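Asker: Return atomic coordinates for the entry below.
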Amino acid sequence: MSVLADLLSTVFERRYRGASEPDREHRSIEALCCDLLGSSGEVSGMALARLILDRYAGLDDAGKLAFFEFLTRDMGVDPDQVRDTLARFETLPHRASYRAFMSAAEPPRQELARRLNQVPGATAQLVAMRADLLRLARDNPVLSVLDLDLKHLFASWFNRGFLVLRPINWTSSADVLEKIIAYEAVHAIDSWDDLRRRLQPADRRCFGFFHPAMPDEPLIFVEVALTRGIPGAIHDVLSEDREVITARDADTAVFYSISNCQSGLAGISFGNSLIKQVVADLSQEVPNLKTFVTLSPIPDLMRWLAQNDIALPEDEDACRQVAARYLLHAKRADDTPFDPVARFHLGNGALVHAVHAGADLSPNGQRQSGGVMVNYLYDLNHITQNHERFAATGRIAASADVKALAAAAAKTTE
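Answerer: Alright, predicted model coming up:
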């Protein structure tokens with residue numbers, strides 16, 4: 001059915017790609033957007049949407065910035081109309097007055113995005129458009145209101161109910177495999193042989209979330225090693241010479257790399273659902289698995305140490321102590337953990353289980369954390385409790401060993 005749907009939509013798109021009025025080819029992209037919002041016909045609307053997306057794709061950064069400024073300035077809400085319709089609804093609350101208020105409170109640019117999304121392939125193009133917006137908004141903060149609208153729409157379009165969890169293995173399409181190499185954000189994949197070692201052996205798994213509108217574009221993926229015991233160094237996991245074991249001989253699933261793939265979906269959370277779904281699927285596939293942990297980087301450790309004029313000790317025990325103190329006590333202004341990976345896993349209900357020195361010998365690992373890595377433990381009996389305590393009070397769940405390391409670090413600085 002999906003093949004037939006793709007075929008029909010392709011035929012439809014080709015049939016009506018040239019159906020726009022001749023003068024539209026010479027109109028500005030801003031004028032075309034106004035035309036699209038005023039269009040009532042499905043065919044003419046699709047032709048306009050395609051023309052706008054094609055026109056946008058041909059813009060340079062200056063043109064894209066001007067387009068985003070137009071959407072921000074001219075396609076926002078009318079505050080007077082919002083106030084008037086809200087006052088009418090408060091005076092006489094009924095269906096018609098509420099509909100009028102809803103219409104006034106929604107910026108026209110949200111409806112524009114919906115109409116652009118009606119043509120095949122538009123979802124991926126709109127995600128790429130938001131990536132451009134986020135990049136340009138760094139120097140143009142006024143565009144942040146436009147981003148709030150796109151983020152609001154994407155949170156609905158990409159909610160968990162629409163996502164499909166797919167295993168990724170050595171038999172997956174070359175297109176998907178190439179993207180895994182390109183999007184890997186934690187431990188770089190150096191070659192096709194390196195990728196094969198991560199996907200083909202019996203003790204390796206990889207899973208990704210996909211969206212029906214972007215079937216060949218992973219949104220996020222996780223690489224998993226099935227091991228005996230909890231590893232304390234990434235080179236043990238990725239070594240070419242490691243011993244390959246069968247899945248039935250493993251007792252631990254190690255999430256050693258989680259990569260977000262679409263910069264245009266920044267702020268749309270997938271990781272929480274991904275880990276929980278993978279844990280559930282692996283528990284069924286490999287029932288002998290008893291432990292679910294990460295082997296995670298500590299990406300902001302060296303930055304935090306530099307900001308606080310602290311040197312990372314060369315002694316391994318002292319190094320682990322400093323890292324444990326950072327993980328349990330270094331906070332941002334909003335009183336959440338300084339480390340972004342810690343915020344993610346602790347927010348999902350994980351526990352800081354163990355800290356390892358000399359665990360990442362790569363240049364990136366040395367630069368970010370002096371080679372220190374951490375295991376976050378997903379204890380299925382305590383995930384909900386840990387999550388609720390962290391969300392309500394900021395309490396960080398940690399093993400007795402990690403707490404002892406952090407306490408030892410505090411004593412040495414007194």
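
Asker: how's the chain carved up into domains?
Answerer: Using automatic domain parsing, the domain ranges for the chain come out as 2-157, 162-413.

Asker: tell me the contacts of the residue nearest the centre of the chain?
Answerer: The centroid of the chain falls nearest to residue 260 when counting by C-alpha atoms, centre = their mean (4.3 Å). Listed by C-beta atoms under 8 Å, 6 or more residues apart in numbering, the contact set of residue 260 reads 183, 185, 219-220, 266, 270-271. Using the backbone N, CA and C atoms, a C-beta is placed for each residue, glycine as well.

Asker: mind redoing it with 10 Å?
Answerer: For residue 260, the contacting residues are 183, 185, 218-221, 266, 268-271, by C-beta atoms under 10 Å, 6 or more residues apart in numbering.

Asker: Among those, name the buried ones.
Answerer: By neighbour count, with 16 or more other C-beta atoms under 10 Å, the contacts of residue 260 hold 183, 218-221, 268-271 as buried.

Asker: What is the nearest of the residues you listed to residue 334?
Answerer: residue 269 (17.1 Å; C-beta to C-beta).

Asker: Checking the closest one next. Helix, strand or coil?
Answerer: Classification of residue 269 using DSSP: H, G, I helix; E, B strand; the rest coil returns coil.

Asker: of the buried ones among the contacts of residue 260, the lowest pLDDT goes to which?
Answerer: Here the lowest pLDDT out of these sits on residue 271, with 80.

Asker: what residue ranges in the stretch 1-150 of the chain score low on pLDDT?
Answerer: For the stretch 1-150 of the chain, the stretches with pLDDT under 70 are 1-24.

Asker: Could I get the full set of strands for the protein?
Answerer: With strands called from DSSP state E, the chain shows them at 164-167, 204-210, 220-227, 252-260, 291-294, 296-297, 351-356, 373-377.

Asker: Out of these, which is closest to residue 315?
Answerer: Checking these against residue 315 by C-beta to C-beta gives strand 351-356 as the closest, at 13.7 Å.

Asker: on contacts alone, who are the packing partners of that closest one?
Answerer: Using 3 or more C-beta pairs under 10 Å, 6 or more residues apart in numbering; DSSP states H and E, the elements in contact with strand 351-356 are strand 291-294, helix 316-329, helix 340-347, strand 373-377, helix 400-413.

Asker: Would you mind finding the most buried of these?
Answerer: The highest mean neighbour count among those, using mean count of other C-beta atoms under 10 Å, belongs to strand 373-377: a mean of 25.

Asker: before we move on, the earlier item: let's see the pLDDT reported for the residue nearest to the centre of the chain.
Answerer: On pLDDT, residue 260 comes in at 92.

Asker: Just grab the bridge partners of it for me.
Answerer: In this structure, residue 260 bridges to residue 220 when assessed by DSSP bridges.

Asker: show me what contacts the nearest residue to residue 140 once chain neighbours are set aside?
Answerer: Spatially, and ignoring its direct neighbours in sequence, residue 140 is nearest to residue 65 (6.8 Å; C-beta to C-beta, 6 or more residues apart in numbering). By C-beta under 10 Å, 6+ apart, the contact list for residue 65 reads 59, 132-133, 136-137, 139-140, 143.

Asker: again with residue 180
Answerer: Counted by C-beta under 10 Å, 6+ apart, residue 180 has contacts 168, 172, 189, 195, 198-199, 206, 208, 218, 221, 223, 259, 261.

Asker: quick revisit: out of the domains of the chain, which is the most enclosed?
Answerer: Of the domains of the chain, the one with the most neighbours on average (mean count of other C-beta under 10 Å) is domain 162-413, at a mean of 17.

Asker: rewinding a little: for residue 253, see how far away the residue nearest to residue 140 is.
Answerer: Per C-beta to C-beta, to the nearest Å, residue 65 is found 45 Å from residue 253.

Asker: Could you do residue 143 as well?
Answerer: 42 Å.

Asker: Could you measure from the nearest residue to residue 289 once chain neighbours are set aside over to residue 222?
Answerer: Excluding the flanking residues, the one nearest residue 289 by C-beta to C-beta, 6+ apart is residue 253, at 5.2 Å. Going from residue 253 to residue 222 by C-beta to C-beta gives 10 Å.

Asker: and for those two, which residues touch both?
Answerer: Jointly contacting residue 253 and residue 222 under the rule C-beta under 10 Å, 6+ apart are 205, 278, 294.

Asker: Nearest to residue 363 among the contacts of residue 180?
Answerer: The closest of the contacts of residue 180, once distances to residue 363 are taken by C-beta to C-beta, is residue 189, at 15.4 Å.

Asker: isn't that closest one right next to residue 221, touching?
Answerer: No: using C-beta atoms under 10 Å, residue 189 is not in contact with residue 221, being 11.6 Å away.

Asker: overlap in contacts of those two?
Answerer: Taking C-beta under 10 Å, 6+ apart as the criterion, residue 189 and residue 221 both touch 180, 183, 257.

Asker: Enumerate every residue touching the last one.
Answerer: Put plainly, it is residue 257. For residue 257, the contact set (C-beta under 10 Å, 6+ apart) comprises 184-187, 189, 198, 206, 221-225, 234, 237-238, 294-297.
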